[in-house]
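> coords please:
(one chain, ligands or ions: 3)
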Amino acid sequence: MLDSNPIPSPEISNLAEISGQSCDVLVVGLTQEGSLSSTLQAVNQETGGWIEGLVSNGEILGKKGELTLLALPADSGPRMLLVVGLGSCDPDRQSAFESGSMIVRRLGDRPRGTVVVALGECFPESFHDAIVAGVLSGCDQQAIYQSEPALIIPERILFFGIADGKVQRGRAVGESIIQTKRLVNEPPAVVYPESFAEKVTALFEGTAVKVEVWDEQRLIAEGCRAILAVGAGSSKSPRLLMLRYDAGGSEKPLALVGKGVTFDSGGLSLKPSAGMIDMKCDMAGAATVVGVLHGIAKMGLKCNVIGLCGLAENMVSGDSYKLGDVIETRSGKTIEIHNTDAEGRVVLADTLDVAIQNEPRAMVDLATLTGACMVALGTDVAGMMTNDQTLCDEVQSAATDEGELVWQLPMFDLFDEKVKSKVADIKNVGEGRWGGAITAAKFLENFVGDVPWVHLDIAGPAFADTPKPSRDAGATGVMVRSLIRWVENQSL
Ligand code: BES
Ligand code: MN
Ligand code: ZN
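Ligands and ions are numbered 1, 2, ... in the order given. Okay, the predicted model is just below:
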């Protein structure tokens, strides 16, 4: 069996006292105004004003994202200094997160023993956990099958000036992002419905998250004909994964629902190669649900949450579902198939129906649902659609706090017309390509009953073509932070 490199896990802790601490690399901050963080100030003094000299000569600018690695002349204390440019505006949580991940990516070119990160003093305390989450998240990369690791993770990372509680929260969130990214980055021969369910079962063994897997027999018994239809063309049978975290007493649960198409060939409406190459990412919604549950359980939040992943592989065979087919979904509503490549909404039809049977007080679904959403908003912004503005505002505010980009698209009634079918209750595409992200959401709305619901189309931001200093290409783990924050805000 093909095996990827293990998930990196550097030793992590906080550091109460920095003076006299020897380490391989000391990480400090510098603003564009040239103000030295207090640890950098101390280094400057010990080196007879060396740092101030570099700053006044314009050799270090402190521009946001600038990384300067220096060998220190002193023969005690840290051997190398990494100066992180912080820019000139007030720091936000997103820059705290990005600084964290940039550091490990910059230092990953060779083995490092102990790295001391003294960036706490550069950010308000409320952002300290984001630095730690960034560091962790930056440790996992796209190249999980290269014989020589492209990124070498430090053995030990010590956070100076960050309280232990913040280190623990950051670690929980960072590790959750890694779990999500890993599931997405694994190739489709490794992650398919059955193995996705097995991996998640193993992940949550011995934790407060209870896992239930519906296999093909159970899907038949439950009437999940839409999930079964999408999976019919594959030799890998579909699954439904149900995660339960009950730590909120008698309150109604929050529901998180994810599209888990482990590979999307388009089915009989086959994609061209260029559109198919990244389609292992089509289970990113489901992987995000897993990451969020992982995080809230690690943090021990006081809430009830159920996570549902609709898992299927969209393939071509004599058993594939067909154009013109009519599927009676689990809810009883009938769908006419006009394009087998609009499979995500078909899988979600049944998955959402199972979710609302659990009577959630609010529900958020995540899906790499439409190319149209990328046309509308680009590759960095998630589309958000809702039937409940109050809930939508809550999710928006959690995302804004975390610095993840989401933008609401309208759900005007006129779009309802566009998914009506001449044969069945609805059809699985709109009229032509216009407004494709919205018609997809309108389709989903048919399966959410009167539960307050937000739909996040993450087709753009879930998977990146090109790397940035703060993250690798490939899976991004987008919305894990925002949704953990949203659940936390709803907790007791
Ligand atoms: N998984 C795709 C959407 C997608 C495209 C995600 C690019 C990530 C990157 C989805 O199943 C799909 O194929 N959607 C079609 C819908 C159309 C047939 C109505 C699309 O967007 O073209
Ligand atoms: Mn598709
Ligand atoms: Zn798809």
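> How about the secondary structure of the residue of the stretch 101-250 of the chain found nearest ligand 2?
When distances are taken as C-beta to the ion, the stretch 101-250 of the chain reaches nearest to ligand 2 at residue 230, 9.4 Å away. All C-beta spots, glycine's among them, are computed from the backbone N, C-alpha and C. At residue 230 the chain is in helix, as set by DSSP: H, G, I helix; E, B strand; the rest coil.
> what's the closest non-adjacent residue to residue 354?
Spatial nearest neighbour of residue 354, chain neighbours left out: residue 308 (5.9 Å); criterion: C-beta to C-beta, 6 or more residues apart in numbering.
> Report pLDDT for the residue of the stretch 101-250 of the chain closest to ligand 2.
With respect to pLDDT, residue 230 scores 99.
> likewise residue 287?
99.
> Figure out the helix or strand that it lives in.
helix 284-299 (DSSP states H and E).
> which ones are touching residue 320?
Taking C-beta atoms under 8 Å, 6 or more residues apart in numbering, we find residue 320 in contact with 232-233, 267-268, 340.
> The same query, at a cut-off of 6 Å, please.
For residue 320, the contacting residues are 233, 267-268, by C-beta atoms under 6 Å, 6 or more residues apart in numbering.
> Need the residues you listed in TSV (columns: pLDDT and distance to ligand 1).
Shown next, in TSV, are the contacts of residue 320 (pLDDT from 0 to 100; distance: C-beta to the nearest ligand atom, whole Å):
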residue	pLDDT	distance to ligand 1
233	98	14
267	98	9
268	98	12
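> Who wins on neighbours among those residues?
Highest neighbour count within these: residue 267, with 27 neighbours (other C-beta atoms under 10 Å).
> ok, now which ones touch that one?
Here residue 267 is in contact with 233, 314, 320, 340 (C-beta under 6 Å, 6+ apart).
> burial measure for the closest residue to ligand 3 within the stretch 201-350 of the chain, as a count.
Proximity to ligand 3, evaluated over the stretch 201-350 of the chain using C-beta to the ion, is greatest for residue 264 at 3.7 Å. If you count neighbours by other C-beta under 10 Å, residue 264 ends up with 27.
> Is it correct that it is in contact with residue 279?
Yes. Between residue 264 and residue 279 a contact is recorded at 4.2 Å, counting by C-beta atoms under 6 Å.
> where along the stretch 351-492 of the chain do the helices fall?
371-377, 389-402, 436-445, 480-490 (DSSP state H, counting those that start in this stretch).
> Let's have those in TSV, adding mean pLDDT, mean neighbour count and distance to residue 142.
Formatted as TSV, the helices of the stretch 351-492 of the chain follow (pLDDT from 0 to 100; neighbours: other C-beta atoms under 10 Å; distance: least, C-beta to C-beta, whole Å):
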stretch	mean pLDDT	mean neighbour count	distance to residue 142
helix 371-377	98	19	20
helix 389-402	98	18	22
helix 436-445	98	25	26
helix 480-490	98	24	17
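> which secondary element of the protein has the worst mean pLDDT?
Sorted by mean pLDDT, DSSP states H and E, the helices and strands of the chain end with helix 38-46, the least confident at a mean of 92.
> Render the CA-only coordinates of that helix in PDB, please.
What follows is helix 38-46 as a C-alpha-only set of coordinates in PDB (Å, rounded to 0.1, in the frame of the first residue of the first chain):
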ATOM      1  CA  SER A  38      12.000  43.900  22.800                       C
ATOM      2  CA  THR A  39      13.800  40.600  22.200                       C
ATOM      3  CA  LEU A  40      15.400  42.100  19.100                       C
ATOM      4  CA  GLN A  41      16.400  45.100  21.200                       C
ATOM      5  CA  ALA A  42      18.200  42.800  23.500                       C
ATOM      6  CA  VAL A  43      20.000  41.200  20.600                       C
ATOM      7  CA  ASN A  44      20.900  44.600  19.300                       C
ATOM      8  CA  GLN A  45      22.500  45.500  22.700                       C
ATOM      9  CA  GLU A  46      24.500  42.300  23.000                       C
END
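> ok so, going back, was I right to think the residue of the stretch 101-250 of the chain closest to ligand 2 contacts residue 346?
Yes. The pair residue 230 / residue 346 is scored as a contact, 5.3 Å apart, by C-beta under 6 Å.
> Neighbour count: these two, which is higher?
Neighbour count, other C-beta under 10 Å: between residue 230 and residue 346, residue 230 has more, with 31 against 26.
> what's the burial count for residue 317?
11.
> and the gap between residue 357 and residue 448?
Applying C-beta to C-beta, to the nearest Å, one obtains 12 Å for the distance of residue 357 from residue 448.
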